[in-house]
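In: Generate coordinates for the sequence data below:
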Amino acid sequence: MSLIVAGERSGVGKTTITLALLAFLSQQKKIIQSFKVGPDYIDPMFHTALTRIPARNLDPVLTSPEYVKSCFWQHSQRAEYVLVEGVMGLFDGVECPSSSNQTFNSDLTVNYASTAYISRLLDIPVLLVLDCSSISGSIAAIAYGYCNLDPQVKIAGVVLNRVSSDRHLELLQNALQPLNLPILGVLRRVDKITIPDRHLGLIPTTELPQISEIFDRLAYIGQTCFNWELLMPLLERQEMGEQGKQGEIGRWGDGEMGETNHLSSLRIAVAYDRAFNFYYQDNLDLFGELGAEIIYWSPLQDETLPNDITGLYFGGGFPEIFAGELAANLPMRQQIRQAATSDMPVYAECGGLMYLCDRLIDLNQKSWSMVGAIPVTTTMMSRLTLGYRQAIPLSSTVLFNQKQQHYPVIWGHEFHRSQITPNSEQPIWKMRGASRHSPILYDGWHIKQIHASYLHLHFGEYKFLLKNFLRHCQKYLDQLG
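Out: Numbers count the residues shown, from 1 in each chain. Just a heads-up that it's a prediction; the model follows:
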């Protein structure tokens, strides 16, 4: 069966544990499919760098429970071993969306989309990571609570992290013995490994010159700190029933366009480098499934856009870190502005929005010229904006025709420390947080054929948005003759 790594809370080391397991299995030349619960972009980058197989996000808020099941089944079948990294603490989730028809313990509705929820949904046992610093006998009470709060969540065993000494380990083992809970791993305080981070979390793999040394250290921890005799059977791929195979995906229809087989001539330029690399692999795959071709390019290094492109896609990332290099590449900025003002369809999320603005003020309060397609300034702030958003379209863009079609609430995610000049025009989205008590927010810029917003979207459950974007790309191509 597969295994999901969960923490008792955030910061207990579940990412390190996950990467250590993946690193060791990768050195054994195993075929491993990994997943990440939630909307995170950076942890899956580390997974992918280790396994050489794209990691997938399992997020029922951004997609749906049915999509999560189908995604997990589809990509697990090609692997020998399957490992899922959880999010935050085991039972930390959000309020169950009112549109959800899920059936689970009504007392745990605030745990929707939590690691525990994914464990129940996919019937995957949990490897629970316990922070053992500053605790000994009381560890049994913590483990007992996690094992018994929800009987539907199966705890396969625990990993004891930050153990200080042999005597400390003995006290922990004695405390846990009455629970008959397998100890599947022990990491000492000296086993601690530091992966550099900054204002939005871990620094992506592409920016770490010492990544090979980090991975070697993780593999050694994986080899020496775990009970592989017990772990291997848990990690082996499991067969799923027909219910798991047939999850309903894209239930909101095809949008404004029907068949997409005629779109093979569409070439979509996707910005991908150190500054822009926040993409869900499922989104990128969907372009090919709908008949379009993705062309990767770098706003940092390339001086010209790819040839014969019909649309631009800017994901999120760290334009604030590379603002000087982006500003220095004047030929690229000019070409993008020319393409955007000539009605080429452009879709931009978060970091992509920041890049398309007139100026960017970085973390050191230095101002840099950006593309200038959107006449506003982006300023880096100390405050983090983070959370799921329910978004209702307010204006027609390359993703939707607000006047011609009724759209459902679109679920997205925000994660940024920048702030943009308020939109004096009509914004794209009317938004609120996951809680019914969240305030109303407005976001996004629509100029020409540009759809730019802080909102990160997963198209898996909303294929019609991507189909509509490609329809506009086809129209642009037709106008070129």
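In: all helices of the stretch 1-150 of the chain, in order?
Out: 14-27, 42-51, 65-76, 115-122, 139-148 (DSSP state H, counting those that start in this stretch).
In: and what of the stretch 201-350 of the chain?
Out: 211-224, 228-235, 242-245, 281-289, 323-328, 330-341.
In: Could you list the residues in contact with the fourth one?
Out: It refers to helix 281-289. 44, 54-57, 71, 268, 270, 293-294, 457-460, 463, 466, 470 (Cβ atoms under 8 Å, 6 or more residues apart in numbering). The way it works is simple: take the backbone N, C-alpha and C, and place the C-beta from them, glycine included.
In: Give me the buried stretch members for it, please.
Out: 282, 283, 284, 286, 287 (16 or more other Cβ atoms under 10 Å).
In: Model confidence score at the last one, please.
Out: Read that as residue 287. Looking at residue 287, its pLDDT reads 96.
In: Leaving out chain neighbours, which residue sits closest to residue 90?
Out: residue 6 (4.3 Å; Cβ to Cβ, 6 or more residues apart in numbering).
In: Bridged to the one you found, which residues?
Out: Assessed by DSSP bridges, residue 6 has beta-bridge partners residue 128.
In: before we move on, the earlier item: Provide a PyMOL selection command restricted to the buried entries of the contacts of helix 281-289.
Out: This is the PyMOL syntax for the buried subset of the contacts of helix 281-289, where burial follows 16+ other Cβ under 10 Å:
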select buried, resi 44+54+55+56+57+71+268+270+457+458+459+460+463+466+470
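In: how about low-confidence regions in the stretch 201-350 of the chain?
Out: 237-264 (pLDDT under 70).
In: mind listing what residue 116 touches?
Out: 6, 90, 91, 93, 108, 126, 150, 153.
In: please redo it, this time with the cut-off set to 7 Å
Out: If you count contacts by Cβ atoms under 7 Å, 6 or more residues apart in numbering, residue 116 has them with 90, 91, 150, 153.
In: Residue 410 now?
Out: Here residue 410 is in contact with 391, 457, 462 (Cβ under 7 Å, 6+ apart).
In: Could you report the distance from it to residue 463?
Out: As judged by Cβ to Cβ, to the nearest Å, residue 410 and residue 463 stand 12 Å apart.
In: okay, the helices of the stretch 201-350 of the chain in CSV with distance to residue 374 next?
Out: Shown next, in CSV, are the helices of the stretch 201-350 of the chain (distance: least, Cβ to Cβ, whole Å):
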stretch, distance to residue 374
helix 211-224, 34
helix 228-235, 47
helix 242-245, 43
helix 281-289, 22
helix 323-328, 15
helix 330-341, 9
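In: what's the closest of those helices to residue 141?
Out: Residue 141 sits nearest to helix 228-235 of all the helices of the stretch 201-350 of the chain, at 23.9 Å, using Cβ to Cβ.
In: Residues touching the closest one, excluding its own?
Out: The contact list for helix 228-235 (Cβ under 7 Å, 6+ apart) reads 1, 2, 3, 81, 82, 83, 125, 156, 157, 182, 184.
In: okay, the angle between it and helix 211-224?
Out: 110 degrees (axes from the mean of the first three to the mean of the last three Cα atoms, to 10 degrees).
In: what does the top strand by length along the chain contact?
Out: When the chain is scanned for its longest strand (criterion: DSSP state E), the result is strand 374-393. Strand 374-393 is contacted by residues 61, 94, 320, 354, 356-363, 400, 402, 407, 409-421, 428-434, 445, 447, 450, 452, 455 when judged by Cβ under 7 Å, 6+ apart.
In: Check stretch 128-139 too.
Out: Under Cβ under 7 Å, 6+ apart, the answer for stretch 128-139 is 5-8, 12-14, 17, 90, 142-143, 146, 155, 158-163, 168, 171-172, 175-176.
In: Show me which residues of it are buried.
Out: 128, 129, 130, 131, 132, 135, 136, 139.
In: Likewise for stretch 5-18?
Out: For stretch 5-18, the neighbour count (16+ other Cβ under 10 Å) marks 5, 6, 7, 8, 12, 13, 14, 15, 16, 17, 18 as buried.
In: hang on, the fourth one packs against residue 146?
Out: What that stands for is residue 8. Yes: between residue 8 and residue 146 there is a contact under Cβ atoms under 7 Å: 6.4 Å.
In: Surely residue 417 is within a strand?
Out: Yes: assigned with DSSP: H, G, I helix; E, B strand; the rest coil, residue 417 falls within a strand.
In: Kindly provide the distance from it to residue 353.
Out: Using Cβ to Cβ, we find residue 417 at a distance of 14 Å from residue 353.
In: of the two, who's got more company?
Out: Using other Cβ atoms under 10 Å, the more surrounded residue of residue 417 and residue 353 is residue 353, with 27 against 16.
In: Do you know the pLDDT at the more buried one?
Out: 97.
In: so what's the closest residue to it other than its chain neighbours up against?
Out: Closest residue to residue 353 in three dimensions, ignoring its sequence neighbours and counting by Cβ to Cβ, 6+ apart: residue 452, at 4.2 Å. Each residue near residue 452 by Cβ under 7 Å, 6+ apart is listed here: 348, 352, 353, 356, 374, 444, 445.
In: And what about residue 452, helix, strand or coil?
Out: Of the three states, residue 452 takes strand under three-state DSSP.
In: who's it bridged to?
Out: Beta-bridge pairing for residue 452 (DSSP bridges): residue 348, residue 445.
In: Show me how far whatever helix or strand residue 354 lives in is from its chain's centre.
Out: Here residue 354 sits within helix 351-356, counting by DSSP states H and E. Relative to its parent chain, helix 351-356 has a centroid offset of 18 Å by Cα atoms, centre = their mean, to the nearest Å.
In: continuing past it, what's the next helix or strand?
Out: Downstream of helix 351-356 (by DSSP H and E), the next one is strand 357-361.
In: quick revisit: for the buried residues of stretch 5-18, give me CSV that also has pLDDT and distance to residue 386.
Out: Formatted as CSV, the buried residues of stretch 5-18 follow (pLDDT from 0 to 100; distance: Cβ to Cβ, whole Å):
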residue, pLDDT, distance to residue 386
5, 98, 22
6, 98, 20
7, 97, 18
8, 95, 21
12, 94, 20
13, 93, 21
14, 95, 19
15, 95, 17
16, 95, 22
17, 96, 24
18, 97, 21
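In: check contacts around residue 24.
Out: With the criterion set at Cβ under 7 Å, 6+ apart, residue 24 makes contact with 219, 222, 223.
In: cool, and residue 417?
Out: 199, 200, 380, 381, 383, 384.
In: From residue 48, how far off is the last one?
Out: Which is residue 384. For residue 384, the distance to residue 48 (Cβ to Cβ) stands at 25 Å.
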